[in-house]
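[1] Below are the sequence and a predicted model; questions follow.
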Amino acid sequence: MTKTRVEKDSMGELNVPHDALYGAQTQRAINNFPVSGQRLPEPFIRALITVKKAAALANMKLEALDESRGKVIVSACDELLNSDDVMAHFPVDVFQTGSGTSSNMNANEVIATVASRYLKETIHPNETIHPNDHVNYGQSSNDVIPTTIHVSAALELEKHLIPAVETLIAQIEEKAGSVSQYCKTGRTHLMDAMPIRMDQSLLSWSAQLKQQVNTLRSHQPAIQSLAQGGTAVGTSINAHPDFAATFADTISELTELKFTPAENFFAVIGSQDTAVSLSGAVKSLAVTMMKISNDLRWMNSGPLAGLGEIALEALQPGSSIMPGKVNPVIPEAVAMASAQVIGNDGAITVGGQSGNFELNVMLPMIASNLLSSITLMTNSVSLIGEKAIKTFSVNKEALEEVLYRNPVLVTALNPVIGYAKAAEIAKVAYKENKPILEVAEAMTDIPKDELTALIDPKKLTSNR
């Protein structure tokens, strides 16, 4: 049997594992919510501890918390932030009370336990740090959890997702420069269309991604605006009048990212509009990544019965029964991650609708899905850049084999012979499976050298 100790909260006594840093309220949450076995992500937990550290520093600065207690709370937060197994102390299920009170109290209890050890070892051997009175001073779960959603998402966005996408853009543009000499058949509706250069195809991806970065950056001011200081319902009850501004300055120093107090605490506590909007932006990035993944899969298809325009790096056997088969595993993985992000956004959208009067009550789920989406996209864009974009090779022979036989090249003759005549030539070329040059030479009086110049695929990739 697990050794336990007795802890007490406002509802009475409860047995807690003997060596657990958390207390009774966390244990109640463990008992009450055996839903998924899924915890809030580590970036959220680390941001939550950082929020508690910033709150203690701000309260000390405002002389709302005595220095001896404030310092040990800060030391406890530092110890946890420097720990490799910090998640062992945060076992509460994502699907808990909608305000995230259980996770807030989990943090308060863990920090209080560690801080009490420091306090006993240094200044007050007979005193302890209280989870509510000291660690949670001037705070409520109702402003702490929305603040932590914003802080964790802002940090992941600035330090991980945006740099990863910008790296992918650079990788695509470098690859585009190395394949600009190749011309391929363009496709619309998955059907042959006018020619396009390989670099033009790739640079369309980088343009999409640049727009996604612009969109993500446009969300940064809102996600870096914080609910902290609004306390229970937005009225700032029990918080120092200057706490919100002091806290924002403090956490900005700790994270090296500029945070500000929200203009209206009622809005950011009662709703999660900013998280919903950011999720939509991350979903939009997932849509772009799905498009890039599918383009790569089609271009790589074959090698004999498909397009076979490129060869992705062979990373693993593709079949347990068909020897020699190799599949486009990286684009497939990224496509699946993109699908999951789109699903996460659906759940976040429903969560955002669950603001009832002065509090949204799906905060933990929103936090979990938003951070999961950011992580999935960060890892996906890095993966596809390193193991697909940088390493694919171009099959020049496959490109040229179909390029010069493409009847759609007759489009270039429209200004000379008219659409109807050009369509007639294209139909003959299709029917007789002949190169368009041969058919056009037979059906018009245009000299061969002039026809050759008019329908030169590479010239047709630019109208300049």
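    Perfect, thanks for sending it. Numbers count the residues shown, from 1 in each chain.

[2] quick one: low-confidence parts of the stretch 151-300 of the chain?
    Residue ranges of the stretch 151-300 of the chain with pLDDT under 70: none are present.

[3] so where do the strands sit in the chain?
    Assigned by DSSP state E, the strands in the chain fall at 4-9, 12-17, 183-188, 191-197, 225-226, 260-261, 310-311, 355-356, 359-360, 393-394.

[4] could the ones you listed go into TSV alongside mean neighbour count?
    (Glycine included, C-beta is placed from N, CA and C.) Converted to TSV, the strands of the chain look like this (neighbours: other Cβ atoms under 10 Å):
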stretch	mean neighbour count
strand 4-9	14
strand 12-17	14
strand 183-188	20
strand 191-197	17
strand 225-226	24
strand 260-261	18
strand 310-311	21
strand 355-356	14
strand 359-360	25
strand 393-394	14
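
[5] between those strands, which one is nearest to residue 66?
    strand 4-9 (23.5 Å; Cβ to Cβ).

[6] okay, the angle between that closest one and strand 12-17?
    140 degrees (axes from the mean of the first three to the mean of the last three Cα atoms, to 10 degrees).

[7] mind listing what residue 139 touches?
    Contacts here follow Cβ atoms under 8 Å, 6 or more residues apart in numbering; on that basis residue 139 touches 55, 104, 228, 231, 239.

[8] Just give the nearest non-adjacent residue to the third one, would you?
    I take that to be residue 228. residue 147 (4.2 Å; Cβ to Cβ, 6 or more residues apart in numbering).

[9] And that neighbour, how close does it get to residue 224?
    Using Cβ to Cβ, to the nearest Å, residue 147 is found at 11 Å from residue 224.

[10] ok, back up a step: tell me the two of the contacts of residue 139 that are most distant?
    104 and 239 (14.9 Å).

[11] So for those two, which sits in the more crowded spot?
    Shown here are residue 104 and residue 239; by other Cβ atoms under 10 Å, residue 104 has more neighbours (28 against 25).

[12] how deep is the nearest residue to that one once chain neighbours are set aside tucked in, by neighbour count?
    Distances taken as Cβ to Cβ, 6+ apart put residue 141 closest to residue 104, at 4.0 Å, once the chain neighbours are dropped. Residue 141 has 23 neighbouring residues, counting by other Cβ under 10 Å.

[13] I figured residue 141 hits residue 105, correct?
    Yes. Residue 141 is in contact with residue 105 according to Cβ atoms under 8 Å; the separation is 7.4 Å.

[14] if we can go back for a sec, what about the residue nearest to residue 228, how many residues close to it?
    Quick note: residue 147 (other Cβ under 10 Å) scores 30 neighbours.

[15] how about the helix ranked longest in the chain: buried residues?
    Looking across the chain with DSSP state H, the single longest helix is helix 273-300. Going by neighbour count (16 or more other Cβ atoms under 10 Å), the buried part of helix 273-300 is 274-286, 288-290, 292-300.

[16] now do stretch 331-350
    Neighbour-count burial for stretch 331-350, counted by 16+ other Cβ under 10 Å, picks out 331, 333-335, 337-338, 340-342, 344-345, 347-348.

[17] Figure out how far that stretch is from the centre of its chain.
    Remark: stretch 331-350 is offset 10 Å from the chain centroid, using Cα atoms, centre = their mean, to the nearest Å.

[18] Any chance you could list what contacts it?
    Here stretch 331-350 makes contact (Cβ under 8 Å, 6+ apart) with 272, 275-276, 279-280, 282-283, 285-287, 289-290, 292-294, 296-297, 300, 312, 362, 365-366, 369-370, 372-373, 376-377, 379-380, 383-384, 388.

[19] Check the gap between the residue lying closest to residue 294 once chain neighbours are set aside and residue 327 for me.
    Setting aside the residues directly before and after it, residue 294 is nearest to residue 335 in space (Cβ to Cβ, 6+ apart), at 6.7 Å. Residue 335 is 12 Å from residue 327, where distance means Cβ to Cβ.

[20] Equivalent analysis for residue 458, please.
    Distance of residue 458 to residue 327, given as Cβ to Cβ: 32 Å.

[21] ok, and the closest non-adjacent residue to residue 290?
    residue 338 (4.3 Å).
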